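1. I need the structure of the sequence given here:
(2 chains)
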Number of protein chains: 2
Amino acid sequence: MKVFTTIAEVPLPTVRRALVPTMGALHEGHLSLVRRAKELGQEVAVSIFVNPTQFGPNEDYLRYPRPLERDLELCEREGVDFVFAPSVEEMYSPSPAKVQVPLVTDEFEGKLRPGHFDGVATVVAKLFGILRPDVAVFGLKDLQQCAVIQKLVNDLNLRVELAFEPTLREDSGLARSSRNVYLSDEERKVSAQIYQSLQKCRLAVLEDRNAEETIQEEISSLEAVGFKVQYLEWIDRSTFHSTRTNKENGAIVFAGYLGNTRLIDNILITA
Amino acid sequence: MKVFTTIAEVPLPTVRRALVPTMGALHEGHLSLVRRAKELGQEVAVSIFVNPTQFGPNEDYLRYPRPLERDLELCEREGVDFVFAPSVEEMYSPSPAKVQVPLVTDEFEGKLRPGHFDGVATVVAKLFGILRPDVAVFGLKDLQQCAVIQKLVNDLNLRVELAFEPTLREDSGLARSSRNVYLSDEERKVSAQIYQSLQKCRLAVLEDRNAEETIQEEISSLEAVGFKVQYLEWIDRSTFHSTRTNKENGAIVFAGYLGNTRLIDNILITA
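-> Below you'll find the predicted structure:
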């Protein structure tokens, strides 16, 4: 497996190339994306880049885990063809050009983390430019990010196929995330509650029971066990605004703090 | 020659593709770009799209000339391989993603035409996504636009070579422009003064005479013959800010109104 750290080294694809863009700290969730990429492309590239422009000033950019050696071992073991792991200086000039994706960034993560999705859209556009993948694989764990990237690709005509893959979960139901390392044992137990609440809300929507009421109940029961809930809402994936009607393309999305750790999760209404 | 009006029709390149992005109303200036494209690529594509997002609310979007039949004839005659001439609906969804290029858009056209370069950068990124050119040819007539596109390509890693070609002029020195059709015979005569002023400023810079003073004198003499000068300035092409030192990468840039017609022009210090 080759490891490239400069843009100039990256060869243009000669066979169908599948890309898995990551911030490293790889876990089983990422590896499931890599396995999917191997099915979708003849060549698999993984990018590892903790992108500073998608972190807010009070977020965890500096303490975000960066176990590069281990990440490379995992990629090697999965049969990845090459890893692209650039420095920040390699990726950004002073005052760099920026991509903005409106509409799907109006609410939720877009509102709570100003500038986050500009950072995501810009770095993904850059990675697509550098790596020229035929297909790119993303995890549904970051559901709003998937909507942003889909709109980015459509609106800027990036000619990259997108594959969105299901969230991998622990036996408890906790979604796999690089940020789970921040959780204490006690918090890890409590966090299992998120998936249960998502499932209850989904069922209420599917069975045409009062979704509004169920959502409010679940917010209360999450706060009762120690969460500071930022949102628990039924949304339309095409606009990423709240909905009370769209089941077909709907999802329940959650974000909240448990202690100092921010967790997000979601469940599709029909899947 | 083929003419495509939908994105789906545009084939990916199989040989080295050179693109000339235009807003149509083709004149000798454009044709010189097409001829350069034929030298640079094995296949030549011309895009014709009057891009609404780069016009301000009080600008000439609606009255901008659109002689499509004639443009296609000219392209055919020059041996263009295909023209891409989409509708506005084909190019833009509601609330489309947008590219912003900072720094080189701070001053001059960027300041006088808010949003103009966002529109330019976005449509060029889209055209590059749709047409996937190996090389794209632009006219130096729109010098700040060239700086914006160079930075766009660098910062978003668009992997497109850029060729910037000299401005074509009438015998009088007036730069060829689609907007010259708005000029009366009398205005056309007076407008020859622009190139003379640019040359005088350039000479003052090259000969280390007082550039500041020469610029002020030329603004006065342009206003004396009827121009409303917006700027006449010595700039550094890498930042597109004013300079009083950079000859190597410097230029004199002009914008102003003659009657209702806005004209821009420029001259490189060393060329």
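
2. tell me which residues touch the residue sitting furthest away from the middle of chain A, please.
-> What lies farthest from the middle of chain A is A:R209; by CA atoms, centre = their mean that is 30.0 Å. Contacts for A:R209 were tallied using CB atoms under 8 Å, 6 or more residues apart in numbering or on different chains; they are A:L203. C-beta: built from backbone N, CA, C; applies to glycine.

3. now stretch A:187-200: mean pLDDT?
-> The pLDDT scores in stretch A:187-200 average 97.

4. now swap in stretch A:230-237 and tell me
-> Average pLDDT, stretch A:230-237: 98.

5. that stretch and chain B in contact?
-> No: using CB under 8 Å from any CB of the partner chain, stretch A:230-237 stays clear of chain B, coming no nearer than 14.3 Å.

6. who's in contact with that stretch?
-> Applying CB under 8 Å, 6+ apart, the contact partners of stretch A:230-237 are A:107-108, A:112, A:143, A:147, A:197, A:201, A:205, A:211, A:215, A:218-219, A:222, A:241-244, A:246, A:249-257, A:268-269.

7. for the residue farthest from the centre of chain A, helix, strand, or coil?
-> coil (DSSP: H, G, I helix; E, B strand; the rest coil).

8. so what pLDDT did it get?
-> 93.

9. tell me how far it lies from chain B.
-> Applying CB to the nearest CB, to the nearest Å, the value for A:R209 to chain B is 33 Å.

10. for that residue, give its distance to B:E109.
-> 58 Å (CB to CB, to the nearest Å).

11. next: A:Y61.
-> Using CB to CB, A:Y61 is found at 35 Å from B:E109.

12. of those two, which one has the most company?
-> Taking other CB atoms under 10 Å in any protein chain shown, A:Y61 and B:E109 do not tie; B:E109 has more neighbours (22 against 14).

13. nearest residue to the more buried one in space, please, no chain neighbours.
-> Of all residues not flanking B:E109 in the chain, B:Q144 sits nearest, at 4.9 Å (CB to CB, 6 or more residues apart in numbering or on different chains).

14. and for A:R176?
-> Nearest residue to A:R176, sequence neighbours excluded (CB to CB, 6+ apart): A:G29, at 3.8 Å.

15. got the domain ranges for chain A?
-> Recorded structural domains for chain A (assignment: automatic domain parsing) are A:2-165, A:178-268.

16. how about the ones you listed in TSV, adding distance to B:D171?
-> Formatted as TSV, the domains of chain A follow (distance: least, CB to CB, whole Å):
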stretch	distance to B:D171
domain A:2-165	39
domain A:178-268	56
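
17. quick one: the strands in the stretch 101-250 of chain A?
-> A:135-139, A:161-165, A:227-236, A:241-242, A:250-258 (DSSP state E, counting those that start in this stretch).

18. in TSV: these, plus mean neighbour count.
-> Formatted as TSV, the strands of the stretch 101-250 of chain A follow (neighbours: other CB atoms under 10 Å in any protein chain shown):
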stretch	mean neighbour count
strand A:135-139	24
strand A:161-165	17
strand A:227-236	20
strand A:241-242	14
strand A:250-258	23
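
19. give me the sheet partners of the host helix or strand of A:L19 and which way each runs.
-> Using DSSP states H and E, A:L19 maps to strand A:17-22. Note on strand A:17-22: by DSSP bridges, its sheet partners are strand A:43-48 (parallel), strand A:135-139 (parallel).

20. pull out the buried positions in the following helix or strand past the first one.
-> So that's strand A:43-48. Next helix or strand after strand A:43-48 toward the C-terminus (DSSP H and E): helix A:68-78. Of the residues in helix A:68-78, A:D71, A:L72, A:L74, A:C75, A:E78 count as buried by neighbour count, 16 or more other CB atoms under 10 Å in any protein chain shown.

21. list the contacts of helix A:68-78.
-> A:1, A:3, A:24-26, A:30-31, A:34-35, A:38, A:44, A:46, A:48, A:83, A:85.

22. dump the helix or strand that the strand holding A:L19 is followed by to CSV, restricted to CA.
-> For strand A:17-22, the following helix or strand on the C-terminal side (DSSP H and E) is helix A:28-40. The C-alpha coordinates for helix A:28-40 follow below in CSV (Å, rounded to 0.1, in the frame of the first residue of the first chain):
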residue,chain,number,x,y,z
GLU,A,28,-15.3,-0.8,12.5
GLY,A,29,-17.7,1.8,11.0
HIS,A,30,-15.0,3.1,8.6
LEU,A,31,-13.8,-0.4,7.8
SER,A,32,-17.3,-1.3,6.7
LEU,A,33,-17.1,1.7,4.3
VAL,A,34,-13.7,0.4,3.0
ARG,A,35,-15.2,-3.0,2.4
ARG,A,36,-18.1,-1.4,0.5
ALA,A,37,-15.6,0.6,-1.5
LYS,A,38,-13.8,-2.6,-2.5
GLU,A,39,-17.1,-3.9,-3.9
LEU,A,40,-17.7,-0.6,-5.8
